[in-house]
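**Q** take a look and give me a structure for this.
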Amino acid sequence: MNFEEVYKEFLIYSKNRYKKQGFYNLSHDFNNKVLPYFRDRNIEDITKIDILNWQNKILEFNYRNSYNSRLYFCFNTFMQFCCDYHDLEHNYVKEVGCFRKKIEEKHFDFYNLREYRRFIRHLHSRIYKCYFEFLYFTGVRPSEAMALKLSDRKGFYIRINKNIQRKGNRELDTLKNSSSYRTIKIDLILRFHLWRLKRYYFKIYYDKNFDYFIFGGKRPLAPTTIDRYKFKACKEAHIRPITMHQFRHSHATLLLQRGIMINEVARRLGHSEVSTTLNIYAHTDLLQEKRVFNTLNSMRFNFFYNLSQDFKNFFSILKR
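**A** Residues are numbered from 1 along each chain as shown. Have a look, this model is predicted:
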């Protein structure tokens with residue numbers, strides 16, 4: 001069995017079993033990092049040593065652990081397909097196992113409220129300003145925000161029920177999981193800005209019956225253009241740029257620092273498990289760290305003060 005020929009069958013198999021974005025990622029990763037290495041090989045001739053050599057070649061690029069895991073997943077899925085439908089005896093990718101993980105420093109960045117206000121003042125486009133405001137004060141995923149249409153808003157409530165491919169044909173797609181389907185409430189000012197945006201579309205397009213994209217009008221915003229506006233605003237504001245996804249982190253951190261219950265933050269973000277929210281955001285709550293610091297200081301100094309008073313009383317009795 002020629003590797004490339006079976007891979008073509010695997011693409012047909014996968015296209016009907018994965019979401020559009022998931023299929024795009026799988027095929028893109030495979031085409032770039034797996035297929036060039038094994039293209040001319042027969043699958044039956046691939047050995048464990050071949051898999052190890054491929055892993056060593058990938059490790060030379062020094063990719064992040066998360067990307068290496070993606071490559072392992074797509075290659076392992078392909079080899080399992082060969083075992084299930086082409087009677088391949090061994091899935092050597094699975095037997096060799098995932099890539100050796102390297103120690104990575106977790107980098108977590110977000111804007112606090114003061115930094116956000118500094119950033120947003122330098123966005124001069126009504127649509128893009130409203131887009132970043134929406135990300136910061138709702139915590140939705142960027143692909144979810146770009147897919148929203150006017151019909152998804154009812155008063156103060158926004159229904160999150162689809163997302164959009166950030167690459168490829170940028171088609172509308174289903175959400176990540178069942179917990180991602182949710183309805184969130186927006187604040188008064190954000191509702192007013194969305195209402196003004198709706199009036200703006202009616203004014204320039206003259207069609208009140210069209211279901212416009214909330215951010216973009218006739219067509220959704222392009223990620224590259226969003227990034228261009230963001231970097232320009234950051235440059236003017238003299239502030240470090242953060243990714244679009246980190247605006248989601250900013251929203252979660254904002255709520256947690258103000259005492260919002262973790263389960264409500266998880267629901268608002270569309271996490272299926274509260275533990276996911278805890279694992280991502282618990283270590284970023286610097287305000288809580290300050291509270292721990294102040295509590296420990298208070299306990300220690302009170303104890304030290306009381307102990308000093310006891311010593312003073314003890315010595316005063318001895319002097320009598």
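
**Q** for the helix or strand hosting Val265, which helices and strands make contact with it?
**A** Element membership for Val265, per DSSP states H and E: helix 262-269. Applying 3 or more C-beta pairs under 8 Å, 6 or more residues apart in numbering; DSSP states H and E, we find helix 262-269 packed against strand 182-185, helix 244-257, helix 274-281. In this view, the C-beta of every residue, glycine as well, is placed from N, C-alpha and C.

**Q** helices or strands next to the following helix or strand past the shortest one in the packing?
**A** Same thing as strand 182-185. Using DSSP H and E, the helix or strand that directly follows strand 182-185 along the chain is helix 188-205. Counting contacts by 3+ C-beta pairs under 8 Å, 6+ apart, helix 188-205 packs against helix 126-138.

**Q** so where is the stretch 51-200 of the chain shaky, pLDDT-wise?
**A** 168 (pLDDT under 70).

**Q** let's see that with 50 instead.
**A** Regions of the stretch 51-200 of the chain meeting the criterion pLDDT under 50 are absent.

**Q** just the strands from it, written as ranges.
**A** Under the criterion DSSP state E, counting those that start in this stretch, the stretch 51-200 of the chain contains strands at 153-154, 157-160, 163-164, 172-173, 182-185.

**Q** so what touches the third one?
**A** Read that as strand 163-164. Contacts with strand 163-164, where a contact means C-beta atoms under 8 Å, 6 or more residues apart in numbering, come from 21, 141, 143-144, 146-147, 170-176, 220.

**Q** from the middle of its chain, how far away would that strand be?
**A** Distance of strand 163-164 from the chain centroid (C-alpha atoms, centre = their mean, to the nearest Å) equals 13 Å.

**Q** same thing with the fourth one?
**A** Chain-centre distance of strand 172-173: 17 Å, with C-alpha atoms, centre = their mean.

**Q** in terms of secondary structure, what does that strand contact?
**A** Partner elements for strand 172-173 (3+ C-beta pairs under 8 Å, 6+ apart): strand 163-164.

**Q** count of neighbours near Glu115?
**A** As a burial measure, Glu115 scores 15 neighbours (other C-beta atoms under 10 Å).

**Q** mind listing what it touches?
**A** Listed by C-beta under 8 Å, 6+ apart, the contact partners of Glu115 are Ile239.

**Q** how far away is it from Ala237?
**A** Relative to Ala237, Glu115 is positioned 9 Å away (C-beta to C-beta, to the nearest Å).

**Q** now Met244
**A** 17 Å.

**Q** ok, the closest residue to Arg267 other than its chain neighbours to Arg141 distance?
**A** Closest residue to Arg267 apart from its sequence neighbours, by C-beta to C-beta, 6 or more residues apart in numbering: Arg182 at 6.6 Å. The gap separating Arg182 from Arg141 is 11 Å, by C-beta to C-beta.

**Q** neighbour count: the two, which is higher?
**A** More neighbours surround Arg141 than the other of Arg182 and Arg141, with 21 against 17 (other C-beta under 10 Å).

**Q** so that one touches Arg248, yeah?
**A** Yes. Using C-beta atoms under 8 Å, Arg141 makes contact with Arg248 at a distance of 6.3 Å.

**Q** quick one: contacts of stretch 178-185?
**A** Applying C-beta under 8 Å, 6+ apart, the contact partners of stretch 178-185 are 138, 140-141, 144, 156-161, 175, 267-268, 270-272.

**Q** pull out the buried members of those.
**A** Neighbour-count burial (16 or more other C-beta atoms under 10 Å) applied to these gives Thr138, Val140, Arg141, Glu144, Ile158, Ile160, Asn161, Leu175, Arg267, Arg268, Gly270, His271.

**Q** make JSON lines from the residues you listed and add distance to Ile226 to it.
**A** Output for those, formatted as JSON lines (distance: C-beta to C-beta, whole Å):
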{"residue": "Thr138", "distance to Ile226": "16"}
{"residue": "Val140", "distance to Ile226": "14"}
{"residue": "Arg141", "distance to Ile226": "13"}
{"residue": "Glu144", "distance to Ile226": "14"}
{"residue": "Ile158", "distance to Ile226": "19"}
{"residue": "Ile160", "distance to Ile226": "18"}
{"residue": "Asn161", "distance to Ile226": "21"}
{"residue": "Leu175", "distance to Ile226": "20"}
{"residue": "Arg267", "distance to Ile226": "26"}
{"residue": "Arg268", "distance to Ile226": "22"}
{"residue": "Gly270", "distance to Ile226": "21"}
{"residue": "His271", "distance to Ile226": "24"}
